[in-house]
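Visitor: Here you go, sequence then predicted model.
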Amino acid sequence: MLLVTSCSGSSDTKATDTGSRQEIASGVSWPEAEVSTGLAKGMHLPIEPYLQTYPQTITMQRATDKAVTTCMKRFGIDWDPPQAGLTPPATGYNAANIERRYGITNTAEAEKDGYHAPDGGDGEPAVYVPDTADEKLAYDLNVPDGQSVPTELNGEKLPENGCASEARRLIGALDDSLAENINIESFFAFREKTKAKGTTQKWVDCFKGKGYNDASPMDAINNSGRDTAKAVADVACKKSTDLVAEYIAIETTLQDKAIAENRTALDDAKARNEALLKKAEEYLAK
């Protein structure tokens, strides 16, 4: 889950022709680990090394798609799902989404799109749905109501629960749920800290001086859409109050404590995820 605290852009504007699709699929326009511009430039939270990244999500999806395709081929089915990674999100390398965690933080983007994120996809791998009766049967043993599930298709034994389950057993799935919980909990908890409230009030006073009456940066996002003047004023007040750095510092303290309390479990989960990613990469290289 991404903490996206801004309006999203269009869902598939980038993949318009074969050349651009290949370029996008290579990762050229994917979110980067390092924020390079704006008030969040170079900033990170301590939980980030434990969070699943967008490139990792795509690696796992591509490996799973390959495994399903290989399984379906045994039954004479040409399974050709769209390549994962063609609709990358405009921001959000991982669930921390530092660039937009506290709303708009980039003046150039505010001037162009207001509170909307730059055009990008939804970040989710494309869903490929079985169509024919044979596809449905091979994929997940789906048969029409009232019919029994056969054990074979075209002379080949069907895998337990179908090709989708076989692929999941082969490739596995990343699990960063503990890290995501820490990420989410700190995001909501930090705002109740006295120092955060003080920083927020400075931003409110600044924003009011520019003609706006929102109670917090998060409230400013609601119903603001492409109001570029308001978004620019928002960024200016965040800059003058050092809001992003102050918020990051408070969340860092909260996350450091949570990480220390859950270090073993977090490290174990990270090691498991890294092993699964290595296996997926090796499978894709075959």
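Guide: Ah, there it is. Residues are numbered from 1 along each chain as shown.
Visitor: Which strands or helices does whichever strand or helix holds W203 pack on?
Guide: Using DSSP states H and E, the element containing W203 is helix 194-209. The helices and strands touching helix 194-209, judged by 3 or more Cβ pairs under 8 Å, 6 or more residues apart in numbering; DSSP states H and E, are helix 217-221, helix 228-241, helix 243-261. The C-beta positions use only the backbone N, C-alpha and C, and glycine is treated the same way.
Visitor: and with 6 Å instead?
Guide: helix 228-241, helix 243-261 (3 or more Cβ pairs under 6 Å, 6 or more residues apart in numbering; DSSP states H and E).
Visitor: Buried residues, it. List them.
Guide: A196, T199, T200, K202, W203, V204, C206, F207 (16 or more other Cβ atoms under 10 Å).
Visitor: thinking again about what came up before, and the helices and strands packed on helix 194-209: which comes nearest N273?
Guide: helix 243-261 (15.9 Å; Cβ to Cβ).
Visitor: where's the longest helix seen in the chain relative to the chain centroid, distance-wise?
Guide: Assignment by DSSP state H gives helix 263-285 as the longest helix of the chain. Its chain's C-alpha centre and that of helix 263-285 lie 18 Å apart, by Cα atoms, centre = their mean, to the nearest Å.
Visitor: For D131, what are phi and psi?
Guide: Torsion angles at D131 (phi, psi; degrees, to the nearest 10) stand at phi -110, psi -60.
Visitor: Residues touching the helix holding W203, excluding its own?
Guide: Contact with helix 194-209 is made by F190, S216, C237, S240, T241, L243, E246, I250, as judged by Cβ atoms under 6 Å, 6 or more residues apart in numbering.
Visitor: What strand or helix carries the closest residue to V68 other than its chain neighbours?
Guide: Once flanking residues are discounted, V68 sits nearest to A167: 4.5 Å by Cβ to Cβ, 6 or more residues apart in numbering. Element membership for A167, per DSSP H and E: helix 163-171.
Visitor: Let me see the contact set for the closest residue in space to N273 that isn't next to it in sequence.
Guide: Of all residues not flanking N273 in the chain, L174 sits nearest, at 4.7 Å (Cβ to Cβ, 6+ apart). Shown in contact with L174 (Cβ under 6 Å, 6+ apart): Q52, M60, N273.
Visitor: What is the burial count for the last one?
Guide: It stands for N273. Applying other Cβ atoms under 10 Å, we find 21 residues neighbouring N273.
Visitor: do the second one as well
Guide: The tally of other residues near M60 (other Cβ under 10 Å) stands at 24.
Visitor: From K278, how far out is it?
Guide: 11 Å (Cβ to Cβ, to the nearest Å).
Visitor: and E156, what are its phi and psi?
Guide: phi -110, psi 140.
Visitor: could you list every residue that touches it?
Guide: Here E156 is in contact with R74, F75 (criterion: Cβ under 6 Å, 6+ apart).
Visitor: Please name the bridge partners of it.
Guide: Listed by DSSP bridges, the beta-bridge partners for E156 are L153.
Visitor: pLDDT (mean, whole number) over stretch 204-217?
Guide: Stretch 204-217 shows a mean pLDDT of 96.
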